[in-house]
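Asker: Structure of the sequence below:
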Amino acid sequence: MPNDVIQQIDLSYAAIGISSPNTIQPHLLRPESDIVIIDALRSTTTDVAVLAAGATHLLIEAKPPEDVTVDVAALYRHLFPDGTSFVIGGEKHGRPLPGAAFGNSILTDFVPARVDGAVAIKYSTNGGHAFTTVKRLVAGSPKPAVFLATFANHAAVAARLRERGRQVVIVNSAFYGRCSLEDAVVGGRVLRNLGLLDDQLDDDALLMSLAADRFGDDAELLSTLHGHRIGTALAHYGHADDIDAAVTGRGVDTALWTRMRHTVPVAMWVGDIPVVTARS
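Answerer: Numbers count the residues shown, from 1 in each chain. Sure, this is the predicted structure:
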């Protein structure tokens with residue numbers, strides 16, 4: 001934990017960046033701050049799609065154990081009225097869960113009608129790790145609002161953050177604990193849309209903004225992502241086209257993509273459980 005001087009310096013910035021959930025320091029997760037979690041390829045993109053497609057609520061878990069036959073909905077039924085419909089989806093190490101209602105590809109593993117009107121419970125490797133890490137480290141009450149951002153909705157998220165006027169803490173989900181370019185670019189685009197100056201950003205947030213400046217052109221960004229770690233991994237799983245879909249909406253139903261651009265997922269807390277709903 002940083003000493004009091006460093007903590008005060010941290011609190012003086014308009015925005016803080018965290019490049020991996022493994023480096024989150026609890027003093028940054030204040031109730032006076034707004035937290036933004038990003039896993040652009042592909043978890044928060046799927047999260048936004050699920051809510052844009054009509055899911056009433058979203059509950060996010062880290063990657064599941066080997067036995068995923070456990071009735072996880074039973075853990076949350078007490079939060080919702082009798083008769084609430086639950087669907088389970090997500091991925092583990094890039095592959096859809098067997099029998100899940102949706103996976104982590106909005107091109108091949110996602111049918112909007114399956115989530116419409118339901119409470120979605122989603123498992124995710126990196127995005128789930130970031131979300132559950134924040135959930136674990138947030139202590140006491142009140143708790144901060146937690147937003148989810150990706151390429152599709154970064155401008156809408158920034159507009160909501162600007163309305164609220166709080167310190168912004170951007171948590172990139174990273175890729176198995178290591179920095180991910182796509183999350184940095186989305187984080188930087190959020191910050192640039194907020195209109196913050198460089199001296200209002202801590203070092204990680206400034207690096208995100210510089211990444212967004214460097215890759216302001218989507219064509220160059222796509223070429224880079226396809227040629228790097230995440231592109232190689234998604235190509236291995238047969239999901240290389242998910243990169244173009246997440247960044248530009250290519251191949252995504254036009255009406256769904258339009259709704260995604262205006263969907264702002266925010267987790268409000270029911271006790272110690274963050275329940276994500278859409279503000280659109």
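
Asker: contacts and neighbour counts: CA atoms only from here.
Answerer: OK.

Asker: next helix or strand past the helix or strand bottoming out on mean pLDDT in the chain?
Answerer: Sorting the helices and strands of the chain by mean pLDDT, DSSP states H and E puts strand 95-96 at the bottom, at a mean of 76. Using DSSP states H and E, the helix or strand that follows strand 95-96 towards the C-terminus is strand 119-124.

Asker: Check which helices and strands that following strand sits against.
Answerer: When contacts are defined as 3 or more CA pairs under 8 Å, 6 or more residues apart in numbering; DSSP states H and E, strand 119-124 packs onto strand 57-62, strand 86-92.

Asker: thinking again about what came up before, what are the pairing partners of the least confident helix or strand of the chain, and which direction each?
Answerer: Partners of strand 95-96 in the sheet, by DSSP bridges, are strand 86-92 (antiparallel).

Asker: which residues sit in contact with R30?
Answerer: Contacts for R30 (CA atoms under 8 Å, 6 or more residues apart in numbering) come out as 138, 143-144.

Asker: can I get those residues in JSON lines with pLDDT and distance to V270?
Answerer: Below are the contacts of R30 laid out as JSON lines (pLDDT from 0 to 100; distance: CA to CA, whole Å):
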{"residue": "V138", "pLDDT": "93", "distance to V270": "13"}
{"residue": "K143", "pLDDT": "95", "distance to V270": "10"}
{"residue": "P144", "pLDDT": "96", "distance to V270": "12"}
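
Asker: now the residues you listed as a markdown table including neighbour count, secondary structure and distance to D39?
Answerer: Shown next, in a markdown table, are those (neighbours: other CA atoms under 10 Å; DSSP: H, G, I helix; E, B strand; the rest coil; distance: CA to CA, whole Å):
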| residue | neighbour count | secondary structure | distance to D39 |
| --- | --- | --- | --- |
| V138 | 19 | coil | 19 |
| K143 | 20 | coil | 22 |
| P144 | 18 | coil | 19 |
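
Asker: How far does the least confident helix or strand of the chain sit from its chain's centre?
Answerer: On the basis of CA atoms, centre = their mean, to the nearest Å, strand 95-96 sits 18 Å off its chain's mean C-alpha point.

Asker: what does stretch 71-82 give?
Answerer: 23 Å.

Asker: Kindly report the same for stretch 139-159.
Answerer: So, by CA atoms, centre = their mean, the centroid of stretch 139-159 is 8 Å from its chain's centroid.

Asker: buried stuff in that stretch?
Answerer: Across stretch 139-159, burial judged by 16 or more other CA atoms under 10 Å covers 139, 143-158.

Asker: Equivalent analysis for stretch 224-244, please.
Answerer: In stretch 224-244, residues buried by neighbour count (16+ other CA under 10 Å) are 224-226, 230-231, 234, 239-244.

Asker: With stretch 242-260 instead?
Answerer: Buried, per 16+ other CA under 10 Å, within stretch 242-260: 242-249, 252, 256-257, 259-260.

Asker: Quick one: the helices in this protein, in order.
Answerer: Taking DSSP state H, the helices of the chain run over residues 4-12, 43-52, 126-137, 154-164, 181-194, 203-214, 218-227, 229-236, 241-248, 254-261.

Asker: mind giving me TSV with the ones you listed and columns for distance to P81 and mean pLDDT?
Answerer: As requested, these are exported to TSV (distance: least, CA to CA, whole Å; pLDDT from 0 to 100):
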stretch	distance to P81	mean pLDDT
helix 4-12	40	91
helix 43-52	19	97
helix 126-137	24	95
helix 154-164	29	98
helix 181-194	35	98
helix 203-214	41	98
helix 218-227	43	98
helix 229-236	39	95
helix 241-248	34	98
helix 254-261	27	98
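
Asker: nearest to G103, of the ones you listed?
Answerer: Closest approach to G103 among those (CA to CA): helix 43-52, 8.2 Å.

Asker: Can you give the distance of that closest one from its chain's centre?
Answerer: 8 Å.
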